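Peer 1: predicted model follows, preceded by the sequence.
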Amino acid sequence: MRRLARAHSGQRQRAFSSRQLSRERPFIEAGGKIRPWPPQVPLIHSVTQPDVELRTQAGCSLAIGPWPRFRYDARGGGGRGESGAEVGEGWRPLLFEPAALTIPPLNARSARLLGLPLPPGLEIGIEPLVLAGRWNPGAGLVDLAFDARFQLRVAGRPVAPELQVSTRLGTGETRGQRRRASGRALDGEGRGVLVGIALVPPSGAAWLDRFLGLPGEALAVLGCQLVARNAP
């Protein structure tokens, strides 16, 4: 297998309101340097001919603030997206329609903290807002902007304000002030690991901010399979 270049480390993504990735949308590296989205990758503004399938896998994890990682089985999630024509060095634009994406919630069946399942009735829902960027199928590299809302629920009822989290998920290495993680390039069957670190702002609820240590860093480790499919 060829040696794969590591993605930029310590990448943090700014939130944005549009459901489409903007060429001007910046991201902030750990040192505070603002960099634009790679200009050589043209954008896909809507999914019209889905030809790529994303499947979320077991072996995922999430962490926020001072808390240890939640071990998370995300099997059963995913969705279909669209990949554009190659633009050089094997890179292609890639877009998933948020409304068609499913990410399983963290609950007693899917998540564990310190080896114990979450209490029955406690659930953290995840609503994808943006999943778009670029991938290199030949090298197995992925570089995606990811925005999502996280909602804490008890017995199906929201008990805290939603947290909107923006990051950049990739197969390279990511590093923040408190955490670091390394992704894994997609193998011959499209299986790999995407990682990202986000800076989560305060929620506005003092008790939740104290409990989670907000503002603070959040780490996402997503085991996934990305497979090219023939468009219908």
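Peer 2: Right, received. Where do you want to start?
Peer 1: next, residue 204: phi, psi?
Peer 2: Reported as degrees, to the nearest 10, the phi and psi values for residue 204 are phi 100, psi -10.
Peer 1: name the element the spatially closest residue to it that is not a sequence neighbour belongs to?
Peer 2: Nearest non-adjacent residue to residue 204, counting by CB to CB, 6 or more residues apart in numbering: residue 161, 5.4 Å away. Glycine gets a C-beta too; all of them are placed from N, C-alpha and C. Taking DSSP states H and E as the definition, one finds residue 161 inside no helix or strand.
Peer 1: and for residue 161, the neighbour number?
Peer 2: Residue 161: 15 surrounding residues under other CB atoms under 10 Å.
Peer 1: quick thing: my sequence starts at 6, can you match it?
Peer 2: Will do, 6 is the new start, and the previous item becomes residue 166.
Peer 1: quick one, what contacts it?
Peer 2: If you count contacts by CB atoms under 8 Å, 6 or more residues apart in numbering, residue 166 has them with 208, 209, 210, 213.
Peer 1: and the residues you listed, which two are furthest apart?
Peer 2: 209 and 213 (8.3 Å; CB to CB).
Peer 1: who has more neighbours out of the two?
Peer 2: For residue 209 versus residue 213, the count of surrounding residues by other CB under 10 Å is larger for residue 213: 16 against 12.
Peer 1: ok, now which ones touch the more buried one?
Peer 2: Residues near residue 213 by CB under 8 Å, 6+ apart: 157, 165, 166, 219.
Peer 1: shaky segments in this structure?
Peer 2: 6-50, 235-237 (pLDDT under 70).
Peer 1: for residue 216, what are phi and psi?
Peer 2: phi -60, psi -40.
Peer 1: coming back round to it: how about TSV for the contacts of residue 213, with distance to residue 104 added?
Peer 2: Below are the contacts of residue 213 laid out as TSV (distance: CB to CB, whole Å):
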residue	distance to residue 104
157	22
165	24
166	22
219	28
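Peer 1: narrow the contacts of residue 166 to those in helices?
Peer 2: Cross-referencing those against helices under DSSP state H gives residue 213.
Peer 1: out of the contacts of residue 166, which is nearest to residue 172?
Peer 2: Looking across the contacts of residue 166 and measuring by CB to CB, the closest to residue 172 is residue 208, at 16.9 Å.
Peer 1: excluding chain neighbours, what is closest to the closest one?
Peer 2: Nearest residue to residue 208, sequence neighbours excluded (CB to CB, 6+ apart): residue 166, at 4.7 Å.
Peer 1: can you confirm residue 104 is in a strand?
Peer 2: No: with DSSP: H, G, I helix; E, B strand; the rest coil as the criterion, residue 104 is located in helix rather than a strand.
Peer 1: can you give me the helices in the protein?
Peer 2: 211-217.
Peer 1: now stretch 166-186: how far from the chain's centre is it?
Peer 2: Distance, stretch centre to chain centre, for stretch 166-186: 8 Å (CA atoms, centre = their mean, to the nearest Å).
Peer 1: just stretch 121-133 next, same as before
Peer 2: 18 Å.
Peer 1: span of it from start to end?
Peer 2: End-to-end distance of stretch 121-133: 26 Å, with CA to CA, to the nearest Å as the criterion.
Peer 1: which parts of it are buried?
Peer 2: 123, 127, 128, 129, 130, 131, 132, 133 (16 or more other CB atoms under 10 Å).
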